[in-house]
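1. below is the sequence, then the predicted model.
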Amino acid sequence: MAGSSESVPRNTRTAILGAAKRRGALTVGDAAAAAGVAVDDARKALLAIAEDVGGALEVDQRGEMRVRLPQDAEAALLKKSWKLKVEPVLQKSVQISQVLVRMAFGAALFASILVVYTAIAALSAQDRDDRRQGRGGGRGMVMYMSPYDIWWYMNPGYGYGRRPETTYEDRQEMGFLESVFSFVFGDGDPNEKREEARWKALGQYIMDRGGVVTAEEISLFVQEDKKGGGDEGYVIPALIRFQGEPTVDEQGNILYVFPALQSTAKVGQGIRDAFKKRPSAAQPRAFLEKKVPFTRASNAQQVLVMLLGVANAIGVAWLSRLLSNPYIAREFGVGVVALAGRLMPALQMYALTFFLFPALRWFWLRRQNSKIEERNAQKQEIEFRLRSPDPLLSDKLASARSMAKSNFFDDKSVIYSSERDTLEQQFEQLED
């Protein structure tokens, strides 16, 4: 049973297995950069996976660790652990449940309209019968609108006899029931899903530049507001995650060294050459945040949702006024009218929520997106400075590149391997 690997987060495990499959072997720095996780977490995850799949642990003369995993490591894990087998199924079940909740909220809009306007229709029909039989009752006139009339007036093809043809792009949009939930509550923050990608990009950026970078380069990836000045506190999360430390060069520039990201597993001369060329060839690129959209629903869906919401709100207000008449409540407190009366608090809350939440979200998102634009503008300004640096920044970057190094894990430097007998390796070291 794969007990150790089960404790490793799925995204971390998947990233490490994918990197190991591409490269054959990984150092702790390779794993941390590939998964975008803290160095200590990468070490624990790498060792846990190696233990469960029979990977080989190797140590070189510098004390650096390299782990070689078999090509079928992922399949080996699945064979040993039923929890890992059902993990994708559970994740899919959660996604399906979320979709069902969204659809249920949308279906509730139709149910509300149906109940409300059916109750109004029943009261209207009874009112007409009373008037034909000469009974007044003092209720006042009950106006009637069929729920089918609502569909007629809201039909995008109203006045032309038919609906326009649905295009291929329209069919690829979210379903209408989901669009109702999306309009009211939104679809979440897209930047939350990019958090992992942001740390992966930063880890790879540092590794590509030999483990030594400037604060300006780190600021391309951080999300905190940077108001200028000499404060470089925004680099602290990166230092903690990737075990970096500040250093001062001969000119007094503060640079940040990440020893763990200076060690990489050697997989052929081609990889070594790629690492040598990559720092000078790759241009700095800011990792920008995405603006949070109000909804992913199409414009047509938003219009239809708003029209339905208005129709529902009008119907709820109309029926609430009718049911506030004691005579109606007493005489027609049966059937769908009675059901509408019992559901009225919930119907009123639904109608209120339907427009209150979107209004509050609109003001909040306007403020948040303004901050995102400001942070992105700051990052783009820094990106421009790094691409076309002034003399001072140019010297600082040159100093960081001169201190950069990549410690490649050569097979010849291995002093210990878990695949070989320990005593035999000790004798070989004594002979050397």
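-> Okay, I see it.
2. what's the local residue count around residue 337?
-> Residue 337: 23 surrounding residues under other C-beta atoms under 10 Å. Just so you know, the C-beta spots here come from the backbone N, C-alpha and C atoms, and that holds for glycine as well.
3. ok, it - contacts?
-> Each residue near residue 337 by C-beta atoms under 8 Å, 6 or more residues apart in numbering is listed here: 119, 122-123, 323, 328.
4. look up how far residue 349 lies from it.
-> Going from residue 337 to residue 349 by C-beta to C-beta, to the nearest Å gives 20 Å.
5. which other residues reach stretch 41-50?
-> Around stretch 41-50, the neighbours that count as contacts under C-beta under 8 Å, 6+ apart are 4-5, 7-8, 12-13, 16-17, 26, 28-29, 31-32, 35, 37, 55-57, 65, 67, 69, 73, 77.
6. now a ChimeraX select for only the buried ones of those.
-> A single ChimeraX command selects the buried members of the contacts of stretch 41-50 (16 or more other C-beta atoms under 10 Å):
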select :4,5,8,12,13,16,17,26,28,29,31,32,35,37,55,57,65,67,69,73,77
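7. tell me which of the contacts of stretch 41-50 fall in helices.
-> Judged by DSSP state H, the contacts of stretch 41-50 include 4-5, 12-13, 16-17, 28-29, 31-32, 35, 73, 77 as members of helices.
8. what residue lies at the spatial centre of the protein?
-> Closest to where the C-alpha atoms of the chain average out (C-alpha atoms, centre = their mean) is residue 193, at 2.0 Å.
9. and it, how far is that from residue 67?
-> Counting by C-beta to C-beta, the gap from residue 193 to residue 67 is 28 Å.
10. swap in residue 286?
-> 33 Å.
11. and the angle from the helix or strand containing residue 41 to helix 28-35?
-> Per DSSP states H and E, residue 41 falls inside helix 39-53. On the basis of axes from the mean of the first three to the mean of the last three C-alpha atoms, to 10 degrees, helix 39-53 is oriented at 100 degrees to helix 28-35.
12. this structure: strands as residue ranges?
-> For the chain, applying DSSP state E gives strands covering 25-27, 56-60, 65-68, 212-213, 245-248, 254-257, 263-265, 407-409, 414-417.
13. can you lay out those strands as JSON lines showing distance to residue 221?
-> Supplementary listing: the strands of the chain in JSON lines, determined by distance: least, C-beta to C-beta, whole Å:
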{"stretch": "strand 25-27", "distance to residue 221": "22"}
{"stretch": "strand 56-60", "distance to residue 221": "30"}
{"stretch": "strand 65-68", "distance to residue 221": "26"}
{"stretch": "strand 212-213", "distance to residue 221": "10"}
{"stretch": "strand 245-248", "distance to residue 221": "17"}
{"stretch": "strand 254-257", "distance to residue 221": "13"}
{"stretch": "strand 263-265", "distance to residue 221": "20"}
{"stretch": "strand 407-409", "distance to residue 221": "23"}
{"stretch": "strand 414-417", "distance to residue 221": "34"}
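14. nearest to residue 112, of these?
-> Minimum separation from residue 112 across the strands of the chain (C-beta to C-beta) falls at strand 25-27, 55.6 Å.
15. give the other helices and strands that the closest one contacts.
-> In terms of contacts (3 or more C-beta pairs under 8 Å, 6 or more residues apart in numbering; DSSP states H and E), strand 25-27 is packed against helix 10-23, strand 65-68, strand 263-265.
16. so for stretch 241-253, mean pLDDT?
-> The average pLDDT within stretch 241-253 is 92.
17. list the buried residues of stretch 287-298.
-> Taking 16+ other C-beta under 10 Å as the criterion, stretch 287-298 shows 287-289, 292, 294-298 as buried.
18. for stretch 338-345, that is, sorry about that
-> So stretch 338-345, judged by 16+ other C-beta under 10 Å, has buried residues 340-341, 343-344.
19. equivalent analysis for stretch 90-103, please.
-> Per 16+ other C-beta under 10 Å, stretch 90-103 contains these buried residues: 102-103.
20. show me how far it is from its chain's centre.
-> 16 Å (C-alpha atoms, centre = their mean, to the nearest Å).
21. dump that stretch to PDB, keeping only the CA atoms.
-> Output of stretch 90-103 as PDB, limited to C-alpha atoms (Å, rounded to 0.1, in the frame of the first residue of the first chain):
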ATOM      1  CA  LEU A  90     -13.800  11.900  -6.300                       C
ATOM      2  CA  GLN A  91     -12.600  15.100  -7.900                       C
ATOM      3  CA  LYS A  92     -14.900  14.500 -10.900                       C
ATOM      4  CA  SER A  93     -17.800  13.900  -8.500                       C
ATOM      5  CA  VAL A  94     -17.100  17.200  -6.700                       C
ATOM      6  CA  GLN A  95     -17.100  19.000 -10.100                       C
ATOM      7  CA  ILE A  96     -20.400  17.300 -11.100                       C
ATOM      8  CA  SER A  97     -21.900  18.300  -7.700                       C
ATOM      9  CA  GLN A  98     -20.900  21.900  -8.200                       C
ATOM     10  CA  VAL A  99     -22.500  21.900 -11.700                       C
ATOM     11  CA  LEU A 100     -25.700  20.400 -10.200                       C
ATOM     12  CA  VAL A 101     -25.900  23.100  -7.500                       C
ATOM     13  CA  ARG A 102     -25.500  25.800 -10.100                       C
ATOM     14  CA  MET A 103     -28.200  24.200 -12.300                       C
END
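22. how close does residue 37 sit to residue 218?
-> 17 Å.
23. should've said residue 259
-> For residue 259 relative to residue 218 (C-beta to C-beta), the value is 16 Å.
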